[in-house]
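J.: Model the following, please.
(chains A and B)
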Number of protein chains: 2
Amino acid sequence: MSETTHERSTEYDPSASSLSGEVDPAVMQELLLIRSSIDNIDAALLNMLAERFKCTQRVGWLKARHQLPASDPGRETAQIARLHRLAEEAHLDPVFAEKFLNFIIDEVIRHHEAISETHAAESGL
Amino acid sequence: MSETTHERSTEYDPSASSLSGEVDPAVMQELLLIRSSIDNIDAALLNMLAERFKCTQRVGWLKARHQLPASDPGRETAQIARLHRLAEEAHLDPVFAEKFLNFIIDEVIRHHEAISETHAAESGL
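T.: Numbers count the residues shown, from 1 in each chain, chains lettered A, B, ... in the order given. From the prediction side, this is the model:
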């Protein structure tokens, strides 16, 4: 228990800041409060991303196994249109939302290329 | 009710695909099942991102009001180290996780610049 606490404090200090010395303590406290929400959200985002990549890995294997083309323009168009609508509902810039999807898709493509190479090697192609 | 269904079907078709004609129906069904999980995760990601930007907007206003510097190297170093650890726990490439954080931070900086300009205009600076 004390070891866990010790590990945490050496690994991550949620109050780490280069500002501490110069800032009104009440302002610093408010800043740290908001930052602890950002930290929680980042953990949620990373875990959702990990789950998303598990899904796209499954798609990658399915496509490799059945020799389906890597890209699916019909799906991509529908996805982008939906994302714009969801972004508007969440008061998020739709242009940013689309950039975000493309950022993730670039990583998915890297994964799919790796899967495809592994599948080809396993099939002796 | 029927109107909602109608709107949904014209706005977003979860089975939209350019592959449909060429694929074994059982494989297509499996693909659509995985894609519906991806769609749910994307909605969650967008909403978490919107919430994160609400937090960073608050940080932006706080910093503008108290003339704090936009960047905080101590915080950023701690954040990146934490992200690497979280990524490893979630079996996510830590390099990708860091790229992801930088991608978001670029957008946060754009927001903060806008806040800073608005604040300066409101203060008559």
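
J.: Name the residue closest to the centre of chain A, please.
T.: By CA atoms, centre = their mean, chain A has its centre lying nearest to A:Leu49, at 3.7 Å.

J.: Mind telling me what element that one is part of?
T.: For A:Leu49, the host element (DSSP states H and E) is helix A:25-65.

J.: Also compute the angle for that helix relative to helix B:25-65, please.
T.: 160 degrees (axes from the mean of the first three to the mean of the last three CA atoms, to 10 degrees).

J.: C-terminal to helix A:25-65, what's the next element?
T.: helix A:73-89.

J.: Against which helices or strands is that next one packed?
T.: Applying 3 or more CB pairs under 8 Å, 6 or more residues apart in numbering or on different chains; DSSP states H and E, one finds that helix A:73-89 makes contact with helix A:94-122, helix B:2-11, helix B:25-65. Using the backbone N, CA and C atoms, a C-beta is placed for each residue, glycine as well.

J.: what sits up against it?
T.: For helix A:73-89, contacts defined as CB atoms under 8 Å, 6 or more residues apart in numbering or on different chains pick out A:93-94, A:96-98, A:101, B:11-14, B:16-20, B:35, B:39, B:42-43, B:46-47.

J.: Buried only: go through those for me.
T.: For these, a burial check counting by 16 or more other CB atoms under 10 Å in any protein chain shown picks out A:93, A:96-97, A:101, B:12, B:14, B:16-17, B:19, B:35, B:39, B:42, B:46-47.

J.: Let's see the pLDDT reported for the residue lying closest to A:Leu45 once chain neighbours are set aside.
T.: With sequence-adjacent residues excluded and distances taken as CB to CB, 6 or more residues apart in numbering or on different chains, A:Leu45 is closest to B:Met48, at 5.3 Å. Note on B:Met48: pLDDT of 97.

J.: just the one 3 residues further on next, same as before
T.: According to the prediction, B:Glu51 has pLDDT 97.

J.: what do you get for A:Glu3?
T.: For A:Glu3, the predicted pLDDT is 46.

J.: What ranges in chain A fall below the confidence cut-off?
T.: Along chain A, the parts satisfying pLDDT under 70 run over A:1-10, A:20, A:125.

J.: and the gap between A:Glu89 and B:Ala50?
T.: Distance of A:Glu89 to B:Ala50, computed by CB to CB, to the nearest Å: 9 Å.

J.: Equivalent analysis for A:Ala81, please.
T.: Distance from A:Ala81 to B:Ala50, by CB to CB: 18 Å.

J.: what does A:Met48 give?
T.: 13 Å.

J.: okay, now A:Leu86: neighbour count?
T.: Using other CB atoms under 10 Å in any protein chain shown, A:Leu86 has 20 other residues around it.

J.: returning to what we had before: more neighbours: A:Ala81 and B:Ala50, which one.
T.: Between A:Ala81 and B:Ala50, counting by other CB under 10 Å, B:Ala50 is the more crowded of the two (18 against 14).

J.: List the residues that contact the closest residue to that one other than its chain neighbours.
T.: Setting aside the residues directly before and after it, B:Ala50 is nearest to A:Ala90 in space (CB to CB, 6+ apart), at 3.8 Å. By CB under 8 Å, 6+ apart, the contact list for A:Ala90 reads B:46-47, B:49-50.

J.: With distance to A:Leu31 added, can I get the helices and strands packed on helix A:73-89 in a markdown table?
T.: Converted to a markdown table, the helices and strands packed on helix A:73-89 look like this (distance: least, CB to CB, whole Å):
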| stretch | distance to A:Leu31 |
| --- | --- |
| helix A:94-122 | 24 |
| helix B:2-11 | 40 |
| helix B:25-65 | 6 |
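
J.: for these, which one ends up most surrounded?
T.: When you average the neighbours per residue for each of the helices and strands packed on helix A:73-89 (mean count of other CB atoms under 10 Å in any protein chain shown), helix B:25-65 leads with a mean of 17.

J.: between that helix and helix B:94-122, how many degrees?
T.: Going by the same axes, to 10 degrees, helix B:25-65 makes 40 degrees with helix B:94-122.
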